[in-house]
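# predicted model follows, preceded by the sequence.
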Amino acid sequence: MKRVVCFLLFVSIFAHSWAQDIRQELDSLIATDPLLETSQLGLMVYDLTADTVLYAHNHRQTMRPASTMKLVTAITALDRLSGSYQLKTQLKYTGMVEGRTLRGNLYLIGGMDPMFDITDMRGFVERLSSLGIDTIHGAIVTDCSMKDTLRWGEGWCWDDDNPVLTPLLINRKPNFAERFVTELSNSGIVLDSLTVYEDYTPSDATPIAVCQHPVDQLLLRMMKESDNLYAECLYYQLAGCYGYRPARADYARIQEKQLVKHLGLDAASYRFADGSGLSLYNYVSAELLTMLLRYAWQQPAIFSHLEPSLPVAGEDGTLKKRMKKTFAQGNVKAKTGTLTGIISLAGYAQAANGHQLCFAIINQGVLSARAARDFQDRLCVVLCK
């Protein structure tokens, strides 16, 4: 019995010493780094294993998150939609098939799937051909009713290379109908009269084909490569998760705020504008990002989809060239963020004592992105060594 008590006492003392060493090193890093003489820092580190805050510095100050906003989008979407969610693009028709002629319209129904490519489109055309149809006496109708007509996000800079937000995407571009007509022609299907317009799909339209892609496939590119279009497409899936049509960004914000309230935080303290972090109107805190990461870690149904999508330090994604040959390599899985004046990093870290940590770092008002990333990398090394 005495041996057990002594062992538990030793473990307690060691854990206290480890945590104290971490705090002292972070205090020293923050106090001596010249980056923080002219910029702001929001930081929170949470020990998930011990279920306690390990370190905090300006953790409740609201700042622009840049692409760490994608964590808010991903975690909320996985919580509301589940990891089995599929993005869909559909092809339907109305009218009658007489011989080899379709006397009716073809409907292209957008589901805002950024992964839909030319191979998928050719699959639609092949399915049409398999029905024996070689002539269409009708129109090509695009159904973009899945979302509103706004083509860009709120607070996006006009001079950025912003993606176009439309439900019908082919190889990331909005020229879906044009490419479809070309593929019909290439396959030998004749259009009696080339008429293309936008409208709703009638409820009695007959399905021809549906293309589906899993949310995991979307998350990999969205998080590993920080793909803004993919993030916005997921944002609008979230916006439409309860059947609202057309989906609007406001509906996604409602879901985010509900999750924030569930975490025990004040949703009114933050500002959510888009799904990617491109907007200058997003304002969150290091505390919010950290508590979302904690929540995701506690929910296996979320974490099992989120963790594989995160860049790994020194190995892949946007962290491939960072923290190489340090204690952090392979032990930090985190989402990066970059906007003019903002460099952020939030995710998980494996400490040397086996504890699992989550953290959020937001550097705001920085003129040197390299200096901010170097600061964050050194901070992560402190957490892992």
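Received it, and whenever you're ready, just let me know what you need.

# from here on, contacts and neighbour counts on C-alpha atoms
Noted.

# okay, helices next: where are they in the stretch 101-250 of the chain?
Taking DSSP state H, counting those that start in this stretch to define them, one finds helices in the stretch 101-250 of the chain at 118-130, 176-186, 215-224, 228-239, 249-262.

# export the ones you listed to TSV and append columns for distance to D159, mean pLDDT and mean neighbour count.
Listed next are the helices of the stretch 101-250 of the chain as TSV, based on distance: least, CA to CA, whole Å; pLDDT from 0 to 100; neighbours: other CA atoms under 10 Å:
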stretch	distance to D159	mean pLDDT	mean neighbour count
helix 118-130	29	96	17
helix 176-186	25	96	16
helix 215-224	22	98	22
helix 228-239	15	97	26
helix 249-262	21	96	18
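
# just so I know, which of those lies nearest K385?
helix 215-224 (24.2 Å; CA to CA).

# so how far is the closest one off the chain centroid?
7 Å (CA atoms, centre = their mean, to the nearest Å).

# tell me which other helices or strands that helix touches.
Helix 215-224 sits against helix 69-81, helix 228-239, with contacts defined as 3 or more CA pairs under 8 Å, 6 or more residues apart in numbering; DSSP states H and E.

# got a list of contacts for it?
With CA atoms under 8 Å, 6 or more residues apart in numbering as the test, helix 215-224 has contacts from 70, 74, 83-87, 115, 227-231, 234, 305-306, 308-311, 316-318, 335.

# buried among these? Need that as a selection in ChimeraX.
The ChimeraX selection below is limited to those of the contacts of helix 215-224 classed as buried (16 or more other CA atoms under 10 Å):
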select :70,74,83,85,86,87,115,227,228,229,230,231,234,305,306,309,310,311,316,317,318,335
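
# what ranges does the protein have for its strands?
40-47, 52-57, 86-93, 96-98, 101-103, 106-109, 135-136, 140-143, 190-191, 196-198, 206-214, 332-339, 342-350, 356-364 (DSSP state E).

# right, so of the helices of the stretch 101-250 of the chain, which gets closest to F327?
Using CA to CA, the nearest of the helices of the stretch 101-250 of the chain to F327 is helix 215-224, at 20.7 Å.

# mind exporting the C-alpha coordinates of the closest one to PDB?
Output of helix 215-224 as PDB, limited to C-alpha atoms (Å, rounded to 0.1, in the frame of the first residue of the first chain):
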ATOM      1  CA  VAL A 215     -17.300  14.900 -46.300                       C
ATOM      2  CA  ASP A 216     -14.000  13.200 -45.300                       C
ATOM      3  CA  GLN A 217     -12.700  13.800 -48.800                       C
ATOM      4  CA  LEU A 218     -13.600  17.400 -48.600                       C
ATOM      5  CA  LEU A 219     -12.000  17.900 -45.200                       C
ATOM      6  CA  LEU A 220      -8.700  16.500 -46.300                       C
ATOM      7  CA  ARG A 221      -8.200  19.200 -48.900                       C
ATOM      8  CA  MET A 222      -9.900  21.900 -46.900                       C
ATOM      9  CA  MET A 223      -7.700  21.500 -43.900                       C
ATOM     10  CA  LYS A 224      -4.400  20.000 -45.200                       C
END
